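Here you go, sequence then predicted model.
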Amino acid sequence: MNRFRHSRAGRRSTVSSGPDRWDGLDPATAWEPWSPADGDVWDLAKVAHLHRRAGFGTTWKQLAADAARTPAEVVRGLLDAATTTGPAEDDSVADVIAAGSEARRLASWWLLRMVRGSSAVRERLTLFWHGHFATSAAKVEQTRLMLAQYRTLRELGQGEFGALARAISCDPAMLVWLDCRESRKAKPNENFARELMELFCLGLGQYTEQDIRQLARCFTGSEIRYGQFRFNSFQHDRNEKRFLGAAGSYDREQAVDVVVKHPATARFLVHKLVRFHVADDLPADSPLIARLADWYRGEKLHTGKLLERILASRIFFSAEARGARISGPVELAVGLMRNFGLEANMDELASELAAIGQLPLYPPSVAGWEGGTTWINAQTLTGRANLVARLMQASAGRLPGAAGLGEKDDAASLVEGAVGWLLAVRPPAAVMKQLESIAGGTRNRSERLVRLVSALATLPEFHLA
């Protein structure tokens, strides 16, 4: 008997179902912890869903182990691992790459860490913050500044958002990216002030141009010298500033705190984190977002606590959330490699990811990657399928992550297991029959699995998470 049970939660939701499908969920209970109930069991399909959304995926053996634990234990274990540093987190190679000013190689190094690192959760959350505080090596000429920013995002990304925002306000890579190498009291640079409110904290419509001008005065005296942030007290405007309904002679850190504490910040961040972990189409003005934002504000915008609440919640494991996201290119490739234990040339992988729309350290603009349906068009769909096929075919039959997949050595069992492991949404019955034909034939199980996964990558369902 196959261990995947395709309950109601696994059959009917897709990313295109429309935002109105969220209306039936009660905001008062949606973010409460999920527990198994009649017809909605804790099985390998739900464990796979959790690993795809929390990290990038995991091996078949790990799924089986986690299915024997409680949901709360698995979520807690994933988050505990995200706060520790293991042998795979040695940064010495990154330091060498940064010293050589090879930003593309640094992107390859980060991809390797995503694949082999001890915590997929930590790297995935760092990828989220990288897209949020989007800074591109295409403009920041010093690779060591990009590495320093990565480390800031990784170290502070699971704590209180205020600490992360204050660190970013004096991050050299960010200030170079936004042309804020100098901001003087006679001529305040408004770039960071604008992006802090529009893209990092509040969102459009929550501030005025006057707020930007006043906030910019708080950042005067900020300079970059020899790749380091320096505060020039002689160039800092110490007079009173008025923005967002507050007034005071704020310095840089105090100004960031005013923006962070604004009520719109919690809702703005929660919506982005929910899009990244739950669904592409849950509206920003949904009562579900408002409810969670109120809780997040009460927890001092502690992102680690928010992430645990999201990943353990009823809405996360609901029918509405299954297949409600389109995987980004990095998620797709890293997830495949972590699932099967694949090896690859990371420089080649980086180039392939760039071609289908997402190379780490090279976001397209200060707004980062839009995500959702923008990941998919005729060209990228073909490129994604080709990438999956190449990675699988290059494995030379070495698929250690698939050990134990399929309780019987037959095509139907192999397809059933692979679909439950790798897909959030089950394909139609006719497609399942076609997949069984593809997975049959040769007695070499690895060859059959390579053919099967390559075929799965051509299905729309493969690209949903």
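Thanks, I have it.

When you work out contacts or count neighbours from here on, use the C-alpha atoms and nothing else.
Noted.

Now do the contacts for the most centrally placed residue in the chain.
In the chain, the residue lying closest to the centroid (Cα atoms, centre = their mean) is residue 128, at 4.0 Å. Neighbouring residues of residue 128 by Cα atoms under 8 Å, 6 or more residues apart in numbering: residue 276.

where's it relative to residue 360, distance?
Counting by Cα to Cα, to the nearest Å, the gap from residue 128 to residue 360 is 11 Å.

Likewise for residue 372?
Plainly put, residue 372 is 17 Å away from residue 360 if you go by Cα to Cα.

ditto for residue 52
19 Å.

Kindly report the same for residue 114.
11 Å.

who's more crowded, these two?
The neighbour comparison of residue 114 against residue 360 (other Cα atoms under 10 Å) goes to residue 114, with 26 against 23.

which SSE is the more buried one in?
helix 103-116 (DSSP states H and E).

Would you mind writing the CA trace of that helix as CSV?
Provided in CSV are the C-alpha atoms of helix 103-116 (Å, rounded to 0.1, in the frame of the first residue of the first chain):
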residue,chain,number,x,y,z
ALA,A,103,30.1,38.1,-7.8
ARG,A,104,28.9,35.3,-10.2
ARG,A,105,31.0,32.8,-8.4
LEU,A,106,29.6,34.1,-5.1
ALA,A,107,26.1,33.4,-6.5
SER,A,108,27.3,29.8,-7.3
TRP,A,109,28.7,29.4,-3.8
TRP,A,110,25.3,30.5,-2.3
LEU,A,111,23.5,28.0,-4.5
LEU,A,112,25.8,25.3,-3.3
ARG,A,113,25.0,26.2,0.3
MET,A,114,21.3,26.1,-0.4
VAL,A,115,21.7,22.6,-1.7
ARG,A,116,24.1,21.2,0.9
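
tell me how far stretch 410-423 is from the chain's mean position?
The chain centroid and the centroid of stretch 410-423 are separated by 26 Å under Cα atoms, centre = their mean, to the nearest Å.

Which residues does it contact?
2-4, 44-45, 48, 60, 405-408, 426, 432, 435-437, 439-440, 449, 452-453, 461-462, 464-465.

ok, of these, which come out buried?
Buried by 16 or more other Cα atoms under 10 Å: 4, 44-45, 48, 60, 405-406, 426, 432, 435-436, 439-440, 449, 452-453, 461-462, 464-465, out of the contacts of stretch 410-423.

Filter those down to the ones in helices?
Judged by DSSP state H, the subset of these located in helices is 44-45, 48, 60, 432, 435-436, 449, 452-453.

which one of those sits closest to residue 202?
Taking Cα to Cα as the measure, residue 202 sits nearest to residue 48 out of those, at 33.6 Å.

Find me the pLDDT at that closest one, would you?
pLDDT, residue 48: 97.

Verify the stated contact: it with residue 65.
No - distance between residue 48 and residue 65: 11.5 Å, which falls outside the contact criterion (Cα atoms under 8 Å).

tell me, how many neighbours does residue 254 end up with?
14.

That one sits in which helix or strand?
helix 252-261.

same question for whatever helix or strand comes next after that helix, mean pLDDT?
Scanning forward in sequence from helix 252-261 by DSSP H and E, the next helix or strand is helix 263-277. The predicted model gives helix 263-277 an average pLDDT of 98.

Low-confidence ranges, this protein, go.
Applying pLDDT under 70 to the chain picks out residues 1-19, 85-89, 407.

switch to 50 and redo it
1-14, 16, 87-88 (pLDDT under 50).

tally of neighbours for residue 333?
Residue 333 has 22 nearby residues by other Cα under 10 Å.

my bad, residue 423
26.

separation between it and residue 449?
Taking Cα to Cα, one finds residue 423 at 15 Å from residue 449.

Then residue 222?
56 Å.

For residue 431, give its distance to residue 397.
For residue 431 relative to residue 397 (Cα to Cα), the value is 25 Å.

Counting neighbours, go ahead and name the busier of these two.
residue 397 (16 against 13).

contacting residues around that one?
Neighbours of residue 397 in contact, by Cα under 8 Å, 6+ apart: 446-447, 450.

Neighbour-wise, which one of these leads?
Ranked by neighbours (other Cα under 10 Å), these are led by residue 450, which has 23 neighbours.

Report the spatially nearest residue to it, omitting neighbours in sequence.
Leaving out its chain neighbours, the residue that sits closest to residue 450 by Cα to Cα, 6 or more residues apart in numbering is residue 392, at 5.6 Å.

any idea which element the one you found lies in?
helix 378-393.

how about the CA coordinates for that helix, as CSV?
Backbone C-alpha positions of helix 378-393 (Å, rounded to 0.1, in the frame of the first residue of the first chain) are rendered in CSV as follows:
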residue,chain,number,x,y,z
ALA,A,378,6.5,29.9,-22.9
GLN,A,379,10.3,30.4,-22.8
THR,A,380,10.8,29.8,-19.1
LEU,A,381,8.5,26.8,-19.0
THR,A,382,10.7,25.1,-21.6
GLY,A,383,13.8,26.3,-19.8
ARG,A,384,12.6,24.9,-16.5
ALA,A,385,11.7,21.5,-18.0
ASN,A,386,15.1,21.3,-19.7
LEU,A,387,16.9,22.2,-16.5
VAL,A,388,15.1,19.5,-14.6
ALA,A,389,15.8,17.0,-17.4
ARG,A,390,19.5,17.9,-17.5
LEU,A,391,20.0,17.7,-13.8
MET,A,392,18.3,14.3,-13.6
GLN,A,393,20.2,12.9,-16.7
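
What's the separation between the residue nearest to residue 450 and residue 455?
11 Å.

So these two - more neighbours on which side?
residue 392 (27 against 18).

correct me, but the more buried one touches residue 452?
No - Residue 392 is beyond contact range of residue 452, at 9.8 Å (criterion: Cα under 8 Å).

Buried ones in stretch 63-76, by neighbour count?
63-64, 66-67, 71, 74-75.

which other residues reach that stretch?
35, 42-44, 47-48, 308, 311-312.

Check stretch 342-357 too.
Contacts for stretch 342-357 (Cα under 8 Å, 6+ apart): 104-105, 107-109, 111-112, 329-330, 336-337, 359, 375, 379-380, 383-384, 387, 391-392, 394-395, 398-400.

same thing with stretch 448-464?
Against stretch 448-464 from outside (Cα under 8 Å, 6+ apart): 14-15, 323-327, 332, 381-382, 384-385, 388-389, 392-393, 397, 414-415, 418, 422-427, 435, 438-442.
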